[in-house]
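A.B. asks: 3D, please:
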Amino acid sequence: MPVRAVVERGPKNKRSVAFSIDWPGWSRGAKTAELALETLEAYRERYRPIATLAGMSREFDSAGRLKVVEDKVGTGSTDFWGISFSPSAREQRKMREAELERAITILRACWAFFDSVAARVSPEMRKGPRGGGRDRDRIIRHTLRVESEDFAKQVGLRIDEGAALTPAGLRQHRKAYIAAMRAYNAGKVPRRMRSWTLAFLIRHSAFHTLDHAWEMEDKDLSAEAT
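C.D. replies: The predicted structure is shown next:
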């Protein structure tokens, strides 16, 4: 079976992003849709550890080529960041239970991968244009705070500022976040998302986690210190 991919173009066509519908977090942006698809394919092997952590390596390895199933216009943020900021047509409906649990399993694998990268890279990061020269700990704090204090609000979850920045607090946040996702899908959260959907929220959380894990890998100075 081919890997179903979506192309999302910015309204002014300054940047585009390509992402997989079936593998949350596998998403890359570029100046053009064609380059975004090329970059997405180039990250296939880089995404494979997440499929392995999720116990889905056989399924991932047997997947075929990328197949664009939707070509859509995104938001102004797509033009600015080269990141998907809106649900695809296939992410509009309520998620089936098996579909939700599969996505949660992959999100957990993204978290596990992020944690493993954070534990092995150098505290100081290679300087460069991305992230304004942030070190490892600032990248970690940013990633965890955005998810726990911003993304999680979409499913009615509120936590104190910085509450997910301790090991115990992070474990509690992730447990509560998943529980809130399940409750939302079951219709137990009264406030519904306006422009986001649950499938998009999971995909966006997975992408944000992986994007910064890969950033830390790319800026790691450990090899230069030996």
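A.B. asks: count of neighbours near residue 188?
C.D. replies: Each residue near residue 188 was counted by other CB atoms under 10 Å, and the total is 10. C-betas here are computed from N, CA, C, even on glycine.
A.B. asks: now swap in the one 3 residues further on and tell me
C.D. replies: By the criterion of other CB under 10 Å, residue 191 has 10 neighbours.
A.B. asks: ok, now how distant is it from residue 206?
C.D. replies: Separation of residue 191 from residue 206 (CB to CB, to the nearest Å) stands at 23 Å.
A.B. asks: just residue 106 next, same as before
C.D. replies: For residue 106, the distance to residue 206 - CB to CB - is 6 Å.
A.B. asks: which residues do the two both contact?
C.D. replies: With contacts taken as CB atoms under 8 Å, 6 or more residues apart in numbering, residue 106 and residue 206 have 24-25 as neighbours in common.
A.B. asks: separation between the closest residue to residue 125 other than its chain neighbours and residue 115?
C.D. replies: Nearest residue to residue 125 in three dimensions, chain neighbours excluded: residue 219, at 3.8 Å (CB to CB, 6 or more residues apart in numbering). Separation of residue 219 from residue 115 (CB to CB) stands at 17 Å.
A.B. asks: higher neighbour count, the two?
C.D. replies: Applying other CB under 10 Å to residue 219 and residue 115 shows that residue 219 carries more neighbours, namely 21 against 15.
A.B. asks: Please list all residues in contact with the more buried one.
C.D. replies: Contacts of residue 219 by CB under 8 Å, 6+ apart are 121, 125-126, 128.
A.B. asks: just the buried members of these?
C.D. replies: For these, a burial check counting by 16 or more other CB atoms under 10 Å picks out 121, 125.
A.B. asks: the domain parsing of this structure - what is it?
C.D. replies: Domains of the chain are assigned by automatic domain parsing as 3-89, 93-225.
A.B. asks: ok so, going back, the more surrounded of residue 106 and residue 206?
C.D. replies: With neighbours defined as other CB under 10 Å, residue 106 and residue 206 compare such that residue 206 has more, 27 against 24.
A.B. asks: dump the residue contacts of residue 92.
C.D. replies: Contacts for residue 92 (CB under 8 Å, 6+ apart) come out as residue 197.
A.B. asks: gap between it and residue 72?
C.D. replies: For residue 92, the distance to residue 72 equals 12 Å [CB to CB].
A.B. asks: Mind listing the shared neighbours of those two?
C.D. replies: Here residue 92 and residue 72 share no contacting residue, scored by CB under 8 Å, 6+ apart.
A.B. asks: Where does the nearest residue to residue 163 once chain neighbours are set aside sit: helix, strand or coil?
C.D. replies: Leaving aside its sequence neighbours, residue 163 sits nearest to residue 169 (CB to CB, 6+ apart; 4.9 Å). When classified by DSSP: H, G, I helix; E, B strand; the rest coil, residue 169 comes out as helix.
A.B. asks: longest single helix anywhere in this protein?
C.D. replies: Secondary structure of the chain read by DSSP state H shows that its longest helix is helix 97-120.
A.B. asks: what's downstream of that helix, the next helix or strand?
C.D. replies: Downstream of helix 97-120, the first helix or strand assigned by DSSP states H and E is helix 136-149.
A.B. asks: Pull out the buried residues from that following helix.
C.D. replies: For helix 136-149, burial by neighbour count (16+ other CB under 10 Å) applies to 136, 139-140, 143-144, 147-149.
A.B. asks: can I get these in a markdown table with distance to residue 29 and pLDDT?
C.D. replies: Shown next, in a markdown table, are those (distance: CB to CB, whole Å; pLDDT from 0 to 100):
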| residue | distance to residue 29 | pLDDT |
| --- | --- | --- |
| 136 | 23 | 97 |
| 139 | 18 | 96 |
| 140 | 22 | 98 |
| 143 | 17 | 98 |
| 144 | 22 | 98 |
| 147 | 19 | 98 |
| 148 | 24 | 98 |
| 149 | 24 | 97 |
